[in-house]
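K.L.:
Pasting the sequence and the predicted coordinates here, then a few questions.
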Amino acid sequence: MVGALQDFGSVFGRWRLWWLMANQDIQMRYKRSVIGPFWISITLACLMLALTYLYSQIFQQEFGEFLIYFGSGLVVWVYVTGLILDGCGIVLENEGNMRSVPMPIPVLASRIVARNAIILGHNLLVAIPILMLFGVRFTPIALMALPGLVLCTAIGFFGAIILGPLCARFRDVPQVVTNIVQAGMFLTPLFWRPEQLTDTRSAIVDFNPVYHLLKLTRGPLLGETPDALHWLVALGLVAALALFSFMTLASVRKRVFLWL
Amino acid sequence: MTRVLLDNVHFSYPVYELTGRSLKISLVRQFANKGVEKRKNGFVEVHAIRGISLDLKAGDRVGLLGHNGSGKSTLLRIFAGVAHPTSGRMLSEGRVIPLIEKGLGINPELSGYDNIELPLRLIGASSAEVQRARKSIPDFTGLGDFIHMPVRTYSEGMKARLAFAICTAIDGDILVLDEWLGAGDIDFMDRAQHRMVEVAHNSEIVILASHSLDLILNVCNKAVWIEQGCIRAQGPPASVVPMYIAAQGAGEAAHVGAKVSTG
């Protein structure tokens, strides 16, 4: 118990370590490229425009309208799923370090949170101008997306502490998570709107946590004030994950070395 | 007060990959002698440390000796706080500097200079220590302008110099070392040797695992001989090392002799 608390505390004490690692991660991904991390922004812009071009025709919607809906959702989707997928790897990608120096798991979780937050920053840099170009007017309501993003971040952080050790112990879990995330891209109201579904709505919309996160982030960007329900779901999820990650950490912190 | 205490420490680890593969299980059994046990639910477990008790105080310079697979490295990882005892008590007071893997945290794409911070942060350096290391390391390594070139362009000797300079840049109370960190080329060896002695001197407790019996005789004031996860003998190096040599078979003795001369 005390050990798990100390591990969480090291997130503050050793912030320079995870911040440095996250920055090196980004630097390495785009090493020796001329524009470096701005490829992140360009990649997102391409995906946004290409998929909008296709799906606006399939769904028979106006290009700009669809782009705003889909583009704002995509930014959030990329952030949340990036956190989940990277969260699976926190123990495995640090195997060498964990064999040689004591490495508290929350520090490793912070590394992937910081890495994904940097990517989010680059993505917003291109997404916001594009959305504005197609007519989004950012009202003060849009600022309500910020607490929504903070909740996504918290979910990613606590989720990584649970997923990382789990994926190290059971090497099939990362594959399961990848599949869920891949299918989830189409099963989450990202391209389509919940109203378009009739009988299956509750199963894949109301019980889909990412739907509520989208309502808290994409909603304000598009000028909607989120309902209390979405806040409750997201806060409840954060609380549950925080508790569960603490329990996970307390039980695995001494054993995770055995699973490397 | 700096202190490290192990009280009847046991450590076993499971080998999951071997589940259900009898050929590999038998190979491992032969390799690690009697340390391998099969659990009820199928996976193999290696009992690497079997009831070790040690009480180390300031001034102790401990040399661990033993064959490959005797449990030396595992024991070192327990001292470093990386592995935790399966049962028994482990207590350590003081700042531990774990130098188990040479070149930890060094990124070949970055320059030598940009590689100073991460390895130091990994072993727990403060910002002040990183700053100091940034000033001292370029001169100490003698890499000149190469310090600003990517490490992948370095020769092995240059890499060894950099890794050595980085991991000896900070001092702690308890130094945990897997093999003495000698660094490559001849003109650097003296400087490295000098620095290593200094670091060991600044640490209150040194725990060193080495195949070099010479080194243990020269540097350590206590030797612990580990065999099959237990302490076979401990005491002053001058008495433990000859026992260790005597216990080797004829072929083994030649092997140890070769190690001494290269170490």
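P.N.:
On my side now, so go ahead.
K.L.:
What lies in contact with stretch B:222-235?
P.N.:
B:11, B:33-35, B:47-54, B:60-67, B:70-72, B:74-75, B:216, B:236-237, B:240-241, B:243-244, B:247 (C-beta atoms under 8 Å, 6 or more residues apart in numbering or on different chains). For glycine as for every other residue, the C-beta is placed from the backbone atoms N, C-alpha and C.
K.L.:
So what's the gap between it and the chain middle?
P.N.:
The chain centre lies 16 Å from the centre of stretch B:222-235; the measure is C-alpha atoms, centre = their mean, to the nearest Å.
K.L.:
measure that stretch end to end?
P.N.:
Chord length of stretch B:222-235, first to last residue, is 6 Å (C-alpha to C-alpha, to the nearest Å).
K.L.:
Where does pLDDT dip in chain B?
P.N.:
Along chain B, the parts satisfying pLDDT under 70 run over B:17-42, B:182-184, B:249-263.
K.L.:
What parts of it come near chain A?
P.N.:
Neighbours of chain A within chain B, by C-beta under 8 Å from any C-beta of the partner chain: B:13-14, B:16, B:77, B:80-84, B:98, B:100-101, B:104-105, B:107, B:109-110, B:117-118, B:121-124, B:127.
K.L.:
Of those, which belong to helices?
P.N.:
Among the residues of chain B next to chain A, the members found in helices (DSSP state H) are B:77, B:80, B:117-118, B:121-122, B:127.
K.L.:
Now B:Leu110. Its backbone dihedrals?
P.N.:
phi -90, psi 160 (degrees, to the nearest 10).
K.L.:
Filter the residues of chain B next to chain A down to the buried ones.
P.N.:
Buried members of the residues of chain B next to chain A, counted by 16 or more other C-beta atoms under 10 Å in any protein chain shown: B:13-14, B:77, B:80, B:82-84, B:98, B:100-101, B:104-105, B:107, B:110, B:117-118, B:121-124.
K.L.:
secondary structure class for the residue of the stretch 101-250 of chain A found nearest chain B?
P.N.:
Closest to chain B within the stretch 101-250 of chain A is A:Pro102: 4.5 Å, counting by C-beta to the nearest C-beta. Three-state call for A:Pro102 (DSSP: H, G, I helix; E, B strand; the rest coil): coil.
K.L.:
That one against B:Val82, yeah?
P.N.:
Yes. Counting by C-beta atoms under 8 Å, A:Pro102 touches B:Val82, with 5.8 Å between them.
K.L.:
Tell me the buried residues in stretch A:233-246?
P.N.:
Within stretch A:233-246, the residues scored as buried using 16+ other C-beta under 10 Å are A:233-234, A:237-238, A:241-242, A:245-246.
K.L.:
Helix or strand next in line after the lowest-mean-pLDDT helix or strand in chain A, which one?
P.N.:
One helix or strand of chain A scores below all others by mean pLDDT, DSSP states H and E: helix A:201, with a mean of 72. Remark: after helix A:201, the chain's next helix or strand is helix A:209-221, criterion DSSP states H and E.
K.L.:
Return the list of helices and strands in contact with that next one.
P.N.:
helix A:63-88, helix A:145-169, helix A:228-252 (3 or more C-beta pairs under 8 Å, 6 or more residues apart in numbering or on different chains; DSSP states H and E).
K.L.:
For A:Leu187, find the nearest of the ones you listed.
P.N.:
Across the helices and strands packed on helix A:209-221, A:Leu187 has its closest neighbour in helix A:63-88 (11.7 Å, C-beta to C-beta).
K.L.:
Tell me where the stretch 1-150 of chain A has strands.
P.N.:
Using DSSP state E, counting those that start in this stretch, no strands are assigned anywhere in the stretch 1-150 of chain A.
K.L.:
Sketch out the low-pLDDT regions of it for me.
P.N.:
Checking the stretch 1-150 of chain A against pLDDT under 70 turns up nothing.
K.L.:
Now do the helices in it.
P.N.:
A:2-13, A:15-29, A:38-58, A:63-88, A:95-100, A:105-133, A:145-169 (DSSP state H, counting those that start in this stretch).
K.L.:
which residues sit against the first one?
P.N.:
Contact with helix A:2-13 is made by A:18, A:104-107, A:109-110, A:246, A:249-250, A:253-254, as judged by C-beta under 8 Å, 6+ apart.
K.L.:
Now list the buried members of the residues you listed.
P.N.:
Listed as buried from the contacts of helix A:2-13 are A:18, A:104-107, A:109-110, A:246, A:249, A:253; burial here means 16+ other C-beta under 10 Å.
K.L.:
any shared contact partners between A:Pro102 and B:Val82?
P.N.:
With C-beta under 8 Å, 6+ apart as the test, A:Pro102 and B:Val82 both reach B:Pro98.
K.L.:
Please name the nearest non-neighbouring residue to the most centrally placed residue in chain A.
P.N.:
Centroid check for chain A by C-alpha atoms, centre = their mean gives A:Val80 as the closest residue, at 1.7 Å. Using C-beta to C-beta, 6 or more residues apart in numbering or on different chains and skipping the chain neighbours, the partner closest in space to A:Val80 is A:Cys152 (5.3 Å).
K.L.:
now B:Pro108
P.N.:
In this structure, B:Pro108 finds its nearest non-sequential neighbour in B:Arg152, 4.0 Å apart by C-beta to C-beta, 6+ apart.
K.L.:
cool, A:Ser33 as well?
P.N.:
Excluding the flanking residues, the one nearest A:Ser33 by C-beta to C-beta, 6+ apart is A:Trp39, at 6.4 Å.
K.L.:
Tally up the residues packed near that neighbour, please.
P.N.:
A:Trp39 has 14 neighbours, counted by other C-beta atoms under 10 Å in any protein chain shown.
K.L.:
Likewise for A:Met28?
P.N.:
Close neighbours of A:Met28, defined as other C-beta under 10 Å, add up to 11.
K.L.:
Pretty sure it sits against B:Asp114.
P.N.:
No. At 11.8 Å, A:Met28 does not count as touching B:Asp114 under the criterion of C-beta under 8 Å.
K.L.:
which neighbours do those two share?
P.N.:
Here A:Met28 and B:Asp114 have B:Asn107 as joint contacts, going by C-beta under 8 Å, 6+ apart.
K.L.:
follow-up on the earlier one: write a ChimeraX command that selects only the buried members of the contacts of stretch B:222-235.
P.N.:
Buried members of the contacts of stretch B:222-235 can be picked out in ChimeraX with the line below, counting by 16+ other C-beta under 10 Å:
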select /B:11,35,47,48,49,50,52,54,60,61,62,63,64,65,66,67,70,71,72,74,75,216,237,240,241,244
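K.L.:
Show me the contacts of stretch B:222-235 that map onto helices.
P.N.:
Short answer: the contacts of stretch B:222-235 in helices (DSSP H) are B:72, B:74-75, B:216, B:237, B:240-241, B:243-244, B:247.
K.L.:
Please produce JSON lines containing the helices and strands packed on helix A:209-221, extended by distance to A:Val11.
P.N.:
Putting the helices and strands packed on helix A:209-221 into JSON lines (distance: least, C-beta to C-beta, whole Å) gives the following:
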{"stretch": "helix A:63-88", "distance to A:Val11": "15"}
{"stretch": "helix A:145-169", "distance to A:Val11": "9"}
{"stretch": "helix A:228-252", "distance to A:Val11": "12"}
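K.L.:
Run me through the strand neighbours of the helix or strand hosting B:Val206, direction for each.
P.N.:
Secondary structure assignment for B:Val206, by DSSP H and E: strand B:205-209. Here strand B:205-209 is paired, per DSSP bridges, with strand B:61-65 (parallel), strand B:174-178 (parallel).
K.L.:
what angle separates the first one from helix B:237-247?
P.N.:
On the basis of axes from the mean of the first three to the mean of the last three C-alpha atoms, to 10 degrees, strand B:61-65 is oriented at 0 degrees to helix B:237-247.
K.L.:
Outside of strand B:61-65 itself, list whatever touches it.
P.N.:
Contacting residues not belonging to strand B:61-65 are listed as B:54, B:56, B:72, B:75-76, B:200, B:205-211, B:213, B:215-216, B:219-226, B:237, B:240-241, B:244 [C-beta under 8 Å, 6+ apart].
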